[in-house]
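Asker: Model the structure of this input:
(chains A and B)
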Amino acid sequence: GAVVSQHPSRVICKSGTSVKIECRSLDFQATTMFWYRQFPKQSLMLMATSNEGSKATYEQGVEKDKFLINHASLTLSTLTVTSAHPEDSSFYICSAAGTKNQPQHFGDGTRLSIL
Amino acid sequence: DAKTTQPTSMDCAEGRAANLPCNHSTISGNEYVYWYRQIHSQGPQYIIHGLKNNETNEMASLIITEDRKSSTLILPHATLRDTAVYYCIVRGYSGNTPLVFGKGTRLSVIA
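Answerer: Numbering: from 1, shown residues only, chains lettered A, B, ... in the order given. Okay, here's the model as predicted:
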């Protein structure tokens, strides 16, 4: 079945550090990928839609200059949390679908902890 | 996207069928019902989806009422590994449209 790989699975770093998270579709091409954030005991919240070859679309309240998204190829989207602070600590998850007839599949998430 | 309503939590005895209900009374004609689950500290896992006919796969069965205003996900023989939060999501049939997650149902399978 369709597989979405996310890396790294866990990051612990100091405040002020920038962190890059990769999301790859392993056996299909994805023109669109999605980035979500999940705080403890809450549901997934959509952050942005990543479009291959064009700018990402951000949800209201998500700072595009802080959460940089790059979708340079049909199999890779990256999310960079710039100058991360403790309040950015969260579980970040990506998803992708190959074609409109395929259900979306999710990566295993990245747990980001900012000290 | 149409909203869905699910019970906050449910318990199920191991080996028994788990029946998870979902109400989606405002679903429109071109919207599908998707079910995902999230096991603790993992990304959501796709289970099944359907439009109006009942569907079955190796994981579960999906029963959609004739008026499409509600559905039930059935795990025929629940195991401890099925303990998770189950999300019912209504969405148009397009991979380019994001999934909007509600609070889901926390299913606890008990030995």
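
Asker: For the rest of this, base every contact and every neighbour count on C-alpha atoms.
Answerer: Will do.

Asker: A:Arg37 is in contact with A:Tyr47, correct?
Answerer: In this structure residue A:47 is Met, not Tyr. Yes. If you go by C-alpha atoms under 8 Å, A:Met47 and A:Arg37 touch, sitting 6.6 Å apart.

Asker: what residues are up against B:Asp67?
Answerer: By C-alpha atoms under 8 Å, 6 or more residues apart in numbering or on different chains, no residues touch B:Asp67.

Asker: hang on, it in a helix?
Answerer: No. B:Asp67: not assigned to a helix; according to DSSP: H, G, I helix; E, B strand; the rest coil it is coil.

Asker: Does A:Leu74 touch A:Ala30 like I think?
Answerer: Yes. Under the criterion of C-alpha under 8 Å, A:Leu74 makes contact with A:Ala30 at 5.1 Å.

Asker: Looking at the two, which has the bigger crowd around it?
Answerer: A:Ala30 (25 against 18; other C-alpha atoms under 10 Å in any protein chain shown).

Asker: how near is the more buried one to chain B?
Answerer: 9 Å (C-alpha to the nearest C-alpha, to the nearest Å).

Asker: hey, what's the spatially most central residue of chain A bridged with?
Answerer: By C-alpha atoms, centre = their mean, the mean C-alpha position of chain A lies nearest to A:Trp35, the distance being 3.8 Å. When bridges are called by DSSP bridges, A:Trp35 pairs up with A:Ala48, A:Cys94.

Asker: quick one, phi/psi of A:Lys41?
Answerer: Dihedral pair for A:Lys41: phi 60, psi 20, per degrees, to the nearest 10.

Asker: residue contacts, the residue nearest to A:Val3 when sequence neighbours are not counted?
Answerer: Nearest residue to A:Val3 in three dimensions, chain neighbours excluded: A:Leu26, at 5.6 Å (C-alpha to C-alpha, 6 or more residues apart in numbering or on different chains). A:Leu26 makes contacts with A:2-5, A:75, as judged by C-alpha under 8 Å, 6+ apart.
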